[in-house]
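In: Show me how the following folds:
(one chain, ligands or ions: 1)
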Amino acid sequence: MTVPFLNVEATYQELKVDIDAAVARVLASGWYIHGPEVEAFEAEFAAYCGVSHAVGTANGLDALVLALRAMGIGPGDEVLVPSNTFIATWLAVTQVGATPIAVEPDPATYNMDPTRLAAAWTPRCKAIIPVHLYGQPANLAPIAAFAREKGLALIEDAAQAHGARYQGQRIGAYSDMACWSFYPGKNLGAFGDGGAVTTNNLELADKVRVLGNYGARIKYHHEALGVNSRLDPVQAAVLRVKLQHLDAWNDRRRQIAARYIEAFRSTDLGLPFAPDWAEPVWHLFVVRSQNRARLQNNLAKEGVTALIHYPIAPFMQPAYQNSGQVFPAQPIAVELARDVLSLPIGPHLQPVEQERVIAAVCKYA
Ligand SMILES: *Cc1c(COP(=O)(O)O)cnc(C)c1O
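Out: Residues are numbered from 1 along each chain as shown. Got it, this is the predicted structure:
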C-alpha cells in the first residue's frame, strides 16, 4: 500500500454528480466570464466567512496584489510579512513595488510573532500581512492592535486557512481584507486556479473588483490601470458545490490531526501546537525532525509520501538574495526550513492509510 500526500481527485469522486451538473450548467449558460455563478459564489463565500463582501480573483497571489493596490500600497512602502511563508506572500509585496520586511515566527506555532513587530517596523511600513500558516490562525488581536497603533493596513493571507477560527470567530473578520486561494490542494480548492478577497469595506471591495477587471466598472471605460484577474465561472460553480462540504472536510482533518498528535507523543518529533484561541483547519500537518532527510527517505521506502513546506525561506531564495535588498538574519525561519516535514493529511485520507503513516513514522522517528 502506498499513501499519497494528498488525494485531490477524491473530492471529485465524492461529489461527481453535483460537480458534473454544476459544470454542465455553466457550459450551457453562455456566461463564461463574470455572471450569476461567480456572483452566487461570492455571496455564499462572504456569508461563510461572516463578512459583507467577497470578490473573486484569478488566483491567491492576485488576491494579495489587488488587496495591496486597493489599500494604496506601492513603491517606497514597506510591508511586514512572515519570514517563513510560501513565497506568494512576499511576491505580492514585491509586485506592487513595495519592500517585504521579514518578521520571525513564534517557534511554537510557526506563525508571525506579534512581540517581534516593533523591532521590525520602520517609518516606511504601510501594511502588515499575517499568514495563517498550515491552517492555523495567526495571533490576530495583538497584530491588529499594532496595526492600529502604527496606522498600518492589515491584510490577512488566508490561503491555507478556509474555515479556521480565531477566538471563536472566522478569520477574515479582524482585518481590512483577507486574501484566499482556491488552488486545487487548498482546503477549499477548485479544479484549476482561483482566488478571492473578502472584506467588510464596500469601498475596498469595489476597488479590487475594478482593478481586477481592466480598471473598468463599465465596459471600455477605464478609470484605473487595472489587470485581468477574474474568478472563472466554471471554477465558481465547482467551488459552490465544494463549499457546502468544507466544514465536514475540515472536521475530518481535525480528527486526523488529533490522532497523529496522540500517536506521536512518544517520538522525538516536534509536534504542532494550537493555543486555546486557535481553531486550526489543518491544511498541513507539519512535524519537526532533527533527521528530516533520513525520515523522509525512510517514509518513502514504506510508501508514504511526506513533503517539505517550505525547504527554503523566501529571503534565502535566489530571487530575493539577488534582489539587492539586504536582509537581517532570520534564524527561526532558517531552522524551520531545515527540519519541517509535512505528513499526509486531507479529508479523504482513509483510516487504514493514516495507520500506515503512523506505523512508518513511529518506526523511524
Ligand atoms: C497558496 C498560497 C498563496 C497563493 O495562492 P495561488 O492561488 O497559488 O496564487 C498565497 N499565500 C499562501 C500562504 C499560500 O499557501
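
In: phi, psi of residue 343?
Out: Main-chain torsions, residue 343, degrees, to the nearest 10: phi -90, psi 160.

In: Show residues contacting stretch 227-238.
Out: 19, 22-23, 25-27, 29, 31-35, 37-38, 40-42, 56-59, 62, 65-66, 182, 190-196, 211-214 (C-beta atoms under 8 Å, 6 or more residues apart in numbering). In short, each C-beta sits where N, CA and C put it, glycine included.

In: ok, it near the ligand or not?
Out: No: residues of stretch 227-238 contacting the ligand under C-beta under 6 Å from any ligand atom: none, with a closest distance of 10.3 Å.

In: thought residue 87 was touching residue 316?
Out: No: using C-beta atoms under 8 Å, residue 87 makes no contact with residue 316, being 10.6 Å away.

In: nearest residue to the residue in the chain that the ligand sits nearest to other than its sequence neighbours?
Out: The ligand sits closest to residue 60 of the chain, with a gap of 2.4 Å, by C-beta to the nearest ligand atom. Closest residue to residue 60 apart from its sequence neighbours, by C-beta to C-beta, 6 or more residues apart in numbering: residue 181 at 2.5 Å.

In: which element is residue 94 on?
Out: In this structure, residue 94 is located in helix 88-95 according to DSSP states H and E.

In: ok so, going back, please report the distance of the residue nearest to residue 60 from residue 143.
Out: According to C-beta to C-beta, to the nearest Å, residue 181 and residue 143 sit 20 Å apart.

In: Then residue 304?
Out: Residue 304 is 36 Å from residue 143, by C-beta to C-beta.

In: cool, and residue 353?
Out: Separation of residue 353 from residue 143 (C-beta to C-beta): 37 Å.

In: what's the answer for residue 86, then?
Out: According to C-beta to C-beta, residue 86 stands 19 Å off from residue 143.

In: In terms of neighbours, single out the busier of these two.
Out: The residue with more neighbours, out of residue 86 and residue 143 and counting by other C-beta atoms under 10 Å, is residue 143; that gives 25 against 19.

In: tell me the phi and psi of the more buried one?
Out: Backbone torsions for residue 143, taken as degrees, to the nearest 10, come to phi -70, psi -40.

In: For the residue nearest the centre of the chain, give me its contacts.
Out: With distances taken as C-alpha atoms, centre = their mean, the residue of the chain nearest its centroid is residue 159 (2.0 Å). Neighbouring residues of residue 159 by C-beta under 8 Å, 6+ apart: 60, 63, 86, 88, 131, 179-181, 183, 186, 195.

In: My guess is the residue of the chain closest to the ligand contacts residue 190. True?
Out: No: contact criterion C-beta under 8 Å: residue 60 and residue 190 do not qualify, at 10.9 Å.

In: between the two, what contacts are shared?
Out: With C-beta under 8 Å, 6+ apart as the test, residue 60 and residue 190 both reach 182-183.

In: Show me which of those two is the more surrounded one.
Out: A count of neighbours by other C-beta under 10 Å puts residue 60 above the other of residue 60 and residue 190, at 27 against 22.

In: doesn't residue 309 make contact with residue 342?
Out: Yes: in this structure, residue 342 is within contact of residue 309 by C-beta under 8 Å, at 5.1 Å.

In: Near the ligand, which residues of the protein are found?
Out: Counting by C-beta under 6 Å from any ligand atom, the chain sits next to the ligand at 59-61, 85-86, 88-89, 131, 157, 159-160, 181, 183, 193, 195.

In: Among these, which lie within strands?
Out: Residues of these located in strands (DSSP state E): 157, 181, 195.

In: Low-confidence bits of the stretch 51-200 of the chain, can you list those?
Out: Within the stretch 51-200 of the chain, no range satisfies pLDDT under 70.

In: what are the ranges of the helices in it?
Out: 60-70, 88-95, 117-120, 140-150 (DSSP state H, counting those that start in this stretch).

In: which parts of the second one are buried?
Out: Think helix 88-95. Within helix 88-95, the residues scored as buried using 16 or more other C-beta atoms under 10 Å are 88-94.

In: And stretch 181-195, by the same measure?
Out: The neighbour-count check on stretch 181-195 (16+ other C-beta under 10 Å) flags 181-184, 186-191, 193-195 as buried.

In: Just give the nearest non-adjacent residue to residue 354, would you?
Out: The shortest distance from residue 354 to any non-neighbouring residue, by C-beta to C-beta, 6+ apart, is to residue 256 (5.9 Å).

In: ok, how many other residues are close to the one you found?
Out: Counted with other C-beta under 10 Å, residue 256 comes out at 22.

In: Which secondary structure state does it sit in?
Out: helix (DSSP: H, G, I helix; E, B strand; the rest coil).

In: dump the residue contacts of it.
Out: Here residue 256 is in contact with 282, 285, 345-346, 349, 354 (C-beta under 8 Å, 6+ apart).

In: Find the pair from those residues with maximum spatial separation.
Out: In those, two members sit farther apart than any others by C-beta to C-beta. They are 282 and 354, at 12.6 Å.

In: Might one say that residue 196 is in contact with residue 48?
Out: No: between residue 196 and residue 48 there is no contact under C-beta under 8 Å: 10.9 Å.

In: Specify which residue of those two has the higher count of neighbours.
Out: Shown here are residue 196 and residue 48; by other C-beta under 10 Å, residue 196 has more neighbours (30 against 19).

In: any idea how far the closest residue to that one other than its chain neighbours lies from residue 199?
Out: Distances taken as C-beta to C-beta, 6+ apart place residue 180 nearest to residue 196, at 4.6 Å, with adjacent residues excluded. Computed as C-beta to C-beta, the residue 180 to residue 199 distance reads 11 Å.
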